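# Quick check, what structure comes out for this input:
(2 chains)
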Amino acid sequence: NFMLTQPHSVSESPGKTVTISCTRSSDSIATYYVQWYQQRPGSAPTTVIYKDTQRPSEVPSRFSGSIDSSSNSASLTISGLKTEDEADYYCQSYDRNNHVVFGGGTKLTVL
Amino acid sequence: QVTLRESGPAVVKPTQTLTLTCTFSGFSLTTSRTCVSWIRQPPGRALEWLALIDWDDDKYYSPSLKTRLTISKDTSKNQVVLTMTNMDPVDTATYFCARGSSGPNWFDPWGQGTLVTVSS
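Residues are numbered from 1 along each chain as shown, chains lettered A, B, ... in the order given. Have a look, this model is predicted:
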């Protein structure tokens, strides 16, 4: 089974831009879609990015997703950081056997 | 409006079998490329995918938990049931169900989750 590796935590100031990486251990990152979920304390996860780069209509355009085949990783970028963006972020993908994997999560602190 | 709600026991004893039910509305599990998945999250830890069942009744399980899990659906009741055998304290977690879109395997929305504690 493959793994998705995320940084444990990132921090940045309000108004700045932060990027969270998600590196896939095997198979090309470009072959299987990547999703990103935001989870605030005590709440269920919600989608911020799906199918690598797509953003649900209710998610601000400050959130964007990308993939980089050279590093076999996906990235979530949040620009114009707001204190409300402080949360845990998880990447998620799957493999040819339809086994789903979540990354270990990244705690974003906006200070 | 799509909603999902998990239900089941709050506490189970070690070695017992856990049965969780996901009751949903606003979509049908007979619709092509639709699925429902179970995901869990131990306190303070990361999300862990458990199982998925799709509109065609295909079932997929986490390789590490496959021997303990069974997922099934009742389309007439709009329910998906997950059973997990031989429960252990390390299985203490919040268990979520979520609607999925097969192919991208994108899960949205999620239920609120139900906390299951394994303790004697």
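# which residues does the residue nearest the centre of chain B form a beta bridge with?
Taking Cα atoms, centre = their mean, the centroid of chain B lies closest to B:Trp38, which sits 2.6 Å from it. Note on B:Trp38: beta-bridge partners B:Ala51, B:Cys97, judged by DSSP bridges.
# could you check the distance from it over to B:Pro14?
Relative to B:Pro14, B:Trp38 is positioned 21 Å away (Cβ to Cβ, to the nearest Å). C-beta coordinates here come from the backbone N, C-alpha and C atoms, glycine included.
# residue contacts, the residue nearest to the centre of chain B?
The neighbourhood of B:Trp38, defined by Cβ atoms under 8 Å, 6 or more residues apart in numbering or on different chains, consists of B:20, B:22, B:49-52, B:71, B:80, B:82, B:95-97.
# now do A:Gly105
A:6, A:8, A:39, A:88-90, B:46-47.
# Narrow those to those in helices?
Of those, none are assigned to helices by DSSP state H.
# Quickly list what B:Thr21 is bridged to.
Applying DSSP bridges, one finds that B:Thr21 bridges with B:Ser7, B:Val81.
# which residues touch it?
Applying Cβ under 8 Å, 6+ apart, the residues near B:Thr21 are B:6-8, B:79-81.
# most surrounded residue in these?
If you count neighbours using other Cβ atoms under 10 Å in any protein chain shown, the busiest of these is B:Val80, which has 27 neighbours.
# on that earlier part again, would you format the contacts of B:Thr21 as TSV with pLDDT included?
Shown next, in TSV, are the contacts of B:Thr21 (pLDDT from 0 to 100):
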residue	pLDDT
B:Glu6	98
B:Ser7	98
B:Gly8	97
B:Gln79	98
B:Val80	98
B:Val81	98
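# Relative to B:Gln112, which of the residues you listed is nearest.
B:Glu6 (7.2 Å; Cβ to Cβ).
# With A:Lys82 as the reference, measure out to the closest one.
Distance from B:Glu6 to A:Lys82, by Cβ to Cβ: 31 Å.
# where does residue 77 land in three-state SS?
Just going to use chain A. strand (DSSP: H, G, I helix; E, B strand; the rest coil).
# Return the residues in contact with it.
Contacts of A:Thr77 by Cβ under 8 Å, 6+ apart are A:17-20, A:63-66.
# One more: B:Trp106?
Here B:Trp106 is in contact with A:33, A:35, A:47, A:50-51, B:100 (Cβ under 8 Å, 6+ apart).
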